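S.K.: Model the structure of this input:
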Amino acid sequence: MSRLLCTLLLSLLTLSASAQSLTASVDRSRLDAGESVELTVESDDATQFGKPDLQPLNELFEVLGTRQVNRLTSANNNAQASTRWIITLQPKHSGYVVIPPLSLGQMQSAPITLHVQQATRADDNRMAPVFIDASLDQESVYVQAQTVLTLRIYHSVSLYDDSSLSPLEMPQARIESLGEPRTYEKDISGVRHGVIELRYAIFPQESGDLLIPSQAFSATAVDRSASNTFNPFGPRPGKVVRVRSPEIPLTVKAKPASYPADAPWLPARALSLSEVWSPQPEAARVGESLTRSLLLKVEGLASAQLPPLPATQIEGLRHYPDQPQLTNQASDSGVTGSREEREALVANREGLISLPAIDIAWWNTQTDQLERTGLPARNLQVAANPSLEAAPLETVRAEPITTATVHVWPWQLSSALLGLTTLLGFTLWWRARRQPAVTPNQQTGPSPRNLLDDLKRTCLANDSQATRHALDAWARQQPETLADMAARFTPLSAALDGLNGALYSESGQHWQGRNLWLAIRSLPAIEDLEGSASLDTSALPPLYPR
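M.R.: Numbering: from 1, shown residues only. You can find the predicted model right below:
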């Protein structure tokens, strides 16, 4: 009896093992090198969890993707559950390649043999449903110069929106993407193809031989011949395709020996330099700001490669530069970099001020020769500014008093003095009786104390515009001009430079007025300087001359 039970139990286990299996299949067994194949592994054992071990595939294949699909079917009122794994593989070698058995628990799939054919003609790729083409606009460039790489992906079948392209990485070169990908159609041998075009600007940083690496493109092609209906929650009816662009060699030439050693290296197709004034330089006046904008535009270089322009450092002209503005503009020919530098110029004296010429050396990659571009020298005729000149103080010159020697008696002098004081006292008493008890304070203009309080308030509020007006009003009531005060007191001169930087330059918008107020409060009086040594010649020049 026990033997019979053991025999029945063994038979049941054998039937259960045969009913539960792990099957493997491929969508095609013959493919070309570089193409991918889909391996489907299916299990009908609902008690198994996890997924098959894919480690044996890594030796001969590249696993591009894996997705899992759970299915539940019914037949003859019996529900049947199954799990399917769809694995996208790309063979690493050509010839006959064997997909090894895969294991899931105690189950194991059967091996599958593939025939991977090696393409012998270049035209074979163009007959494929999806292929990629790469080209450079020139085979040889100078170091740090631009070459444009164009990638065109052709497809004669519809693609889902899951396409991807591997990033272009080159440690020995700078890479700039030229805009978004462009899509269009092209007819090839009577077959209409969709085209996805991408463009890159490559700037080699080292001379010698450079190899542009290949890029991999992968996407899911729509399978319109699929008999099953589309399931939005299931796999897409299609197959994954993966193609690679060819590698392209590039020769990078060194900087020519004839190029100036002290000039920045600028290999470009075109270069221009322009200037804009606001207001026009003919309207230059002492103490007023002129904004000069210099724009350097280079075709074939990125903005980060453009050098700084020479600053305007001239005696008699103070300059307050802003931060440079860098922009890149992409076009069919590549990158056009721009560098704009603006500075505020304030003249501190009237007369003729000469601005030097600006000269930029660059190498024309079109004509393969050295060229120079620049701006000519310019003369500024600075006029006086009447609004900055302090009103002259009214001076009263006392006439010399000549006194003759008069002989008077002591009693006569004392009597006259007593009479005068008595009369003056009576007059003041009589006038005081006729006046009201409180005399209203009538003030025709702001007092020096009020002007000083206004100046303190605007300085501590860090308001540069209001401080400028308050400072001018306070200076007009002083015995000397603002320029004289700045010339004899160095802290005041430095504080005025900071104020002008906030007024005439965008970079000085966060002005702090505490230093100016401390300089005003610490300004020594003119009487304190009488008899002292001459003024320090190392002090800064006055901001506004008389």
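S.K.: that's a helix at Ala304, yeah?
M.R.: Yes. Judged by DSSP: H, G, I helix; E, B strand; the rest coil, Ala304 forms part of a helix.
S.K.: That one reaches Val335, doesn't it?
M.R.: No. The criterion here is CB atoms under 8 Å, and Ala304 misses it with Val335 at 10.3 Å. The C-beta positions use only the backbone N, C-alpha and C, and glycine is treated the same way.
S.K.: which of these two has more neighbours?
M.R.: Val335 (22 against 12; other CB atoms under 10 Å).
S.K.: For that one, list the residues it contacts.
M.R.: Contact partners of Val335, counting by CB atoms under 8 Å, 6 or more residues apart in numbering, are Gln146, Glu176, Leu178, Ala201, Gly300, Leu301, Ala302, Asn328, Gln329.
S.K.: ok, and the most crowded of those?
M.R.: Gln146 leads the contacts of Val335 on contacts (other CB under 10 Å) with 29 neighbours.
S.K.: For Glu282, give me its contacts.
M.R.: By CB under 8 Å, 6+ apart, the contact list for Glu282 reads Gln381.
S.K.: Report the secondary structure element holding the closest residue to Ala263 other than its chain neighbours.
M.R.: Distances taken as CB to CB, 6 or more residues apart in numbering place Ala361 nearest to Ala263, at 4.2 Å, with adjacent residues excluded. Using DSSP states H and E, Ala361 sits in strand 358-364.
S.K.: which element follows that strand toward the C-terminus?
M.R.: Counting by DSSP H and E, the element after strand 358-364 in chain order, helix or strand, is strand 369-375.
S.K.: going on from that next one, what's the next piece of helix or strand?
M.R.: Following strand 369-375 toward the C-terminus (DSSP H and E): strand 378-382.
S.K.: Could you list the paired strands of that following strand along with their orientation?
M.R.: strand 351-355 (antiparallel) (DSSP bridges).
S.K.: quick one, the strand it pairs with and strand 369-375 angle?
M.R.: Here strand 351-355 runs at an angle of 160 degrees relative to strand 369-375 (axes from the mean of the first three to the mean of the last three CA atoms, to 10 degrees).
S.K.: Not counting strand 351-355 itself, show me its contacts.
M.R.: Under CB under 8 Å, 6+ apart, the answer for strand 351-355 is Ala284, Thr312, Ile314, Gly316, Leu317, Ala347, Ala377, Arg378, Asn379, Leu380, Gln381, Val382.
S.K.: Could you list the buried residues of the strand holding Ala361?
M.R.: Ile358, Ile360, Ala361, Trp362, Trp363, Asn364 (16 or more other CB atoms under 10 Å).
S.K.: Could you tell me which strands sit next to that strand in the sheet, and their orientation?
M.R.: strand 267-268 (parallel), strand 369-375 (antiparallel).
S.K.: Count residues in the vicinity of the closest residue in space to Asp44 that isn't next to it in sequence, would you?
M.R.: Beyond its immediate neighbours in the sequence, the residue positioned closest to Asp44 (CB to CB, 6+ apart) is Ser82, lying 4.6 Å away. Using other CB under 10 Å, Ser82 has 15 other residues around it.
S.K.: Ser82 should be in a strand, yeah?
M.R.: Yes. Using three-state DSSP, the assignment for Ser82 is a strand.
S.K.: Would you check that it makes contact with Arg71?
M.R.: Yes. The pair formed by Ser82 and Arg71 meets the contact definition of CB under 8 Å, at 5.0 Å.
S.K.: And the helices in the stretch 101-250 of the chain?
M.R.: Assigned by DSSP state H, counting those that start in this stretch, the stretch 101-250 of the chain shows helices spanning 123-126.
S.K.: for it, which spans come out with low pLDDT?
M.R.: The stretch 101-250 of the chain contains residues with pLDDT under 70 at 119-127, 224-237.
S.K.: immediately after the least confident helix or strand in the chain by mean pLDDT, which helix or strand?
M.R.: Using mean pLDDT, DSSP states H and E, helix 2-19 stands out as the lowest-scoring helix or strand of the chain, at a mean of 45. Using DSSP H and E, the helix or strand that directly follows helix 2-19 along the chain is strand 22-26.
S.K.: After that following strand, which helix or strand is next?
M.R.: strand 30-32.
S.K.: for stretch 288-308, which positions count as buried?
M.R.: 288-292, 294-303, 305-306.
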